[in-house]
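Chemist: no FASTA, just this:
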């Protein structure tokens, strides 16, 4: 059986490298590439790949929210996070979204190919460093009750928050999300109310801390 794969990463050189390696592997076929989460959602709906190899920190729509939306519509899709980030906020966000695996970009290609085979068998694959983070988080949960404040936001509010943090103007956000300027303003006000943050700078810092975006260009 051929395993159909979608690659999602905002760096074209990464996509091209993965495409070459994956297509050389027996029973693997890269069916498409996407440069951000929004494109990934559209392509997954259209092509319904078996596995999505998903970067996390991408402009426009990050991998956490893209994974959440994909799996809410197509729960049979296996998503493997492939990221340079091992921060617990990224790991927590991706695992809560329902992904089947999490690897770091410095892994060997053999680990990625093995992870794809693992998730196709219905199992979860975590790289050793990520497994240790998950273990520590689990222990922490056993001793304290921690609720991430991003859980207070809806998916639509999270999308607006990421775009605000990326420096997008209200009109541009409205055009990107196909909603009115008034709707953007209303969601921004709701976000500020829920998070108890009353300025854009504060929202930006929050979004970076929670892994919705980063300070990198």
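Modeler: Done, it's in. Being a predicted model, the structure only gives us computed values, none of them experimental. Numbers count the residues shown, from 1 in each chain.
Chemist: low pLDDT regions in this structure?
Modeler: 137-150, 215-217 (pLDDT under 70).
Chemist: just the helices in it please.
Modeler: Per DSSP state H, the chain has helices spanning 12-24, 37-47, 63-73, 88-97, 109-120, 128-143, 155-165, 170-177, 181-195, 200-209. These are given in chain order.
Chemist: for residue 4, which of those helices is the nearest?
Modeler: Comparing the helices of the chain by their distance to residue 4 (Cβ to Cβ), the top pick is helix 37-47, with 7.3 Å. The way it works is simple: take the backbone N, C-alpha and C, and place the C-beta from them, glycine included.
Chemist: for the one residue sitting closest to the centre of the chain, give me its contacts.
Modeler: Centrality entry for the chain: nearest residue to the mean C-alpha point is residue 63, 1.6 Å, by Cα atoms, centre = their mean. Residue 63 makes contact with 8, 37, 40, 54, 55, 56, 57, 81, 83, 94, according to Cβ atoms under 8 Å, 6 or more residues apart in numbering.
Chemist: can these go into a markdown table with extra columns for neighbour count and distance to residue 161?
Modeler: Rendered in a markdown table, the data for the contacts of residue 63 read as follows (neighbours: other Cβ atoms under 10 Å; distance: Cβ to Cβ, whole Å):
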| residue | neighbour count | distance to residue 161 |
| --- | --- | --- |
| 8 | 29 | 20 |
| 37 | 28 | 14 |
| 40 | 30 | 19 |
| 54 | 30 | 19 |
| 55 | 26 | 19 |
| 56 | 27 | 16 |
| 57 | 19 | 15 |
| 81 | 29 | 20 |
| 83 | 21 | 20 |
| 94 | 26 | 17 |
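Chemist: for residue 98, give its distance to residue 24.
Modeler: Note on residue 98: its distance to residue 24, by Cβ to Cβ, to the nearest Å, is 29 Å.
Chemist: tell me which of these two has more neighbours.
Modeler: In this view residue 98 and residue 24 are compared by other Cβ atoms under 10 Å, and residue 98 has more residues nearby, 14 against 9.
Chemist: how about stretch 78-88: buried residues?
Modeler: When neighbours are counted by 16 or more other Cβ atoms under 10 Å, the buried residues of stretch 78-88 are found to be 78, 79, 80, 81, 82, 83, 85.
Chemist: of those, closest to residue 71?
Modeler: residue 79 (6.8 Å).
Chemist: list the contacts for the closest one?
Modeler: So, once contact is read as Cβ under 8 Å, 6+ apart, residue 79 ends up touching 51, 52, 54, 67, 70, 71, 97, 98, 99, 100, 101.
Chemist: name the nearest of the residues you listed relative to residue 130.
Modeler: The shortest approach to residue 130 among the contacts of residue 79 belongs to residue 101, at 9.0 Å (Cβ to Cβ).
Chemist: what about that closest one, neighbour count?
Modeler: Residues near residue 101, counting by other Cβ under 10 Å: 26.
Chemist: now swap in the one 3 residues further on and tell me
Modeler: Applying other Cβ under 10 Å, we find 16 residues neighbouring residue 104.
Chemist: many thanks, have a good one.
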